[in-house]
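Peer 1: I'd like to go over a predicted model; first the sequence, then the structure.
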Amino acid sequence: MSDDVAAPPAVWGAREEDARAPLQGDARCDVAIIGGGLIGLTAADVASRHGLSVMLVEADVVGSGASGANAAGVAPVWGAQTPRGVEASLGAERGAMLNAALAGAGAALIERARVMPFDCGAVGGGYLALAAKPDTGASFADLADQWRRVGADVTLLGKALPDHVQSPRYVEGLLFASGGTLNPRAYVRGLAGVCEDQGVRIFEQSPVSGIRGQANGRWAVESGAGRIDATTVISAVHGGAGTGWGLDRIAWRIDCLLIGSAPLTEAQRQALPGAPTFADLDDVSVFGGTFTADGRIVATVLPGPGQPSLSDAVAIYTEKFMRAFPDAASPQWETLDRGHILMTHDKLPQLLELGPHLFAGQGCNGYGLCAGMLLGEDLARLALRRPDMPPRFMLESPRRSRLARFIPALARRVMPLIRRFA
Ligand SMILES: Cc1cc2nc3c(=O)[nH]c(=O)nc-3n(C[C@H](O)[C@H](O)[C@H](O)COP(=O)(O)OP(=O)(O)OC[C@H]3O[C@@H](n4cnc5c(N)ncnc54)[C@H](O)[C@@H]3O)c2cc1C
């Protein structure tokens, strides 16, 4: 493994120098939210729009987690689940309701981003799921039917596949019309400003070290020299440790890298899938990509052990890229971020009740933007306690997994083998 001489720039732009002030002293509010990513900020937005007083505490700066460093694929699908699987797991009625909510979430997220008072390069145009194996291709008609039943606009491409992707690898494709992309970091940072305009107080560089129940039935959220007294607490820390509730041991953390290219040439773009975001459903070690509003491609890479550099990540991605698109000139890769995704036992995001009026939301299983927006809304709904706005996700008790501690190292060790033999 080689080390890059200087750390490559971040995929979604340099981090701002100025952080908001940290939490200091005592404060009081209806809802304290921990974590300034998509889930926490969506919860803050919805709760404050419905009249609750909200404070949000972020360990670093808003968007410093996965929400500011992801592959920006707005894909209205479950990362590792099917609509039928969700209905089997949650029951027909709740499952169908949740599937329908997700089917609409891609268009909803892009529309929400477009009407915001800031530009985050949100574009529609669809999400393209691709099959390399004939069996997977044959299963796509059924998968399309499952999604159509819950209201999704999905097209089985069949003979029209070459109009959407030129590749010797793919035999079938599904185009989900309501997919697209946006600059995720610009979106969450812009959303933070919108939340502040609605009265939300945001504290940065304030890692929360504890959430304590108090004798009066309220919660105390503690960070350094500061403390928030709140009726409801929402934790949206993406498996982050340190808050004392073991959220890092409920879902399995899979480390990943995010790489970004220089702007593609017209010829390169023409040789690649037409939709703004695509995924190869037959690559278990992950292959996909998103074409950004500023003309680049960004992609997720699951690394092996060690501390892979940009060139290591590019080598892994290029092999897959050339296998899928041998006629396209390989992009020039320039930017890199490191992060993790969270896998859960039932392959669904988790809406957790940790205690009375203490909730958490996490777990993306691959695609977390659409589901994360729904989870953030549900967390706000729990805080609002309005009978006409029940959460759509099932409220679960946390199930800690002993394996969770070992999964990151294990996944990194087996990834090269999976790449080789899958
Ligand atoms: C490389 C990569 C590519 C991805 N690609 C896609 C994609 O193409 N499409 C898609 O839909 N999804 C994708 N995802 C998943 C998606 O990015 C996530 O599901 C989503 O952003 C998670 O949002 P979040 O708010 O839960 O987490 P985060 O954005 O990580 O926010 C959690 C925040 O909590 C803060 N925090 C942690 N601990 C504490 C503490 N003790 N006190 C205070 N704050 C704390 C962190 O600093 C962080 O800012 C990708 C993820 C990665 C890593």
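Peer 2: Perfect, I can see it now. What you see is a predicted model, and the numbers here were worked out from it, not measured in a lab.
Peer 1: mind listing the helices for this protein?
Peer 2: Secondary structure of the chain (DSSP state H): helices at 38-49, 83-90, 92-115, 134-149, 161-164, 184-197, 266-270, 310-324, 369-384, 407-421.
Peer 1: give me whichever of these is most buried.
Peer 2: helix 38-49 (a mean of 28; mean count of other Cβ atoms under 10 Å). Glycine gets a C-beta too; all of them are placed from N, C-alpha and C.
Peer 1: returning to what we had before: lowest average pLDDT across the helices of the chain?
Peer 2: The weakest mean pLDDT among the helices of the chain belongs to helix 407-421, with a mean of 76.
Peer 1: residues in contact with the residue of the stretch 101-250 of the chain found nearest the ligand?
Peer 2: Nearest residue of the stretch 101-250 of the chain to the ligand, counting by Cβ to the nearest ligand atom: Gly240, 2.7 Å away. Listed by Cβ atoms under 8 Å, 6 or more residues apart in numbering, the contact set of Gly240 reads 35, 59, 65, 247-248.
Peer 1: how about Leu52, what does it touch?
Peer 2: Taking Cβ under 8 Å, 6+ apart, one finds 29-31, 383-384 in contact with Leu52.
Peer 1: okay if I get the helices of the chain as JSON lines plus distance to Arg338?
Peer 2: Below are the helices of the chain laid out as JSON lines (distance: least, Cβ to Cβ, whole Å):
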{"stretch": "helix 38-49", "distance to Arg338": "18"}
{"stretch": "helix 83-90", "distance to Arg338": "30"}
{"stretch": "helix 92-115", "distance to Arg338": "24"}
{"stretch": "helix 134-149", "distance to Arg338": "30"}
{"stretch": "helix 161-164", "distance to Arg338": "32"}
{"stretch": "helix 184-197", "distance to Arg338": "15"}
{"stretch": "helix 266-270", "distance to Arg338": "26"}
{"stretch": "helix 310-324", "distance to Arg338": "10"}
{"stretch": "helix 369-384", "distance to Arg338": "19"}
{"stretch": "helix 407-421", "distance to Arg338": "12"}
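Peer 1: looking at these, which is nearest to Gly295?
Peer 2: Across those, Gly295 has its closest neighbour in helix 266-270 (7.3 Å, Cβ to Cβ).
Peer 1: so who does the residue of the stretch 251-400 of the chain found nearest the ligand touch?
Peer 2: The ligand sits closest to Gly368 of the stretch 251-400 of the chain, with a gap of 1.8 Å, by Cβ to the nearest ligand atom. Taking Cβ under 8 Å, 6+ apart, we find Gly368 in contact with 38, 66, 70, 79, 341, 349.
Peer 1: next one, pLDDT for the residue nearest the centre of the chain please.
Peer 2: In the chain, the centroid-proximal residue (Cα atoms, centre = their mean) is Gly368; its distance is 2.8 Å. For Gly368, the pLDDT comes out at 94.
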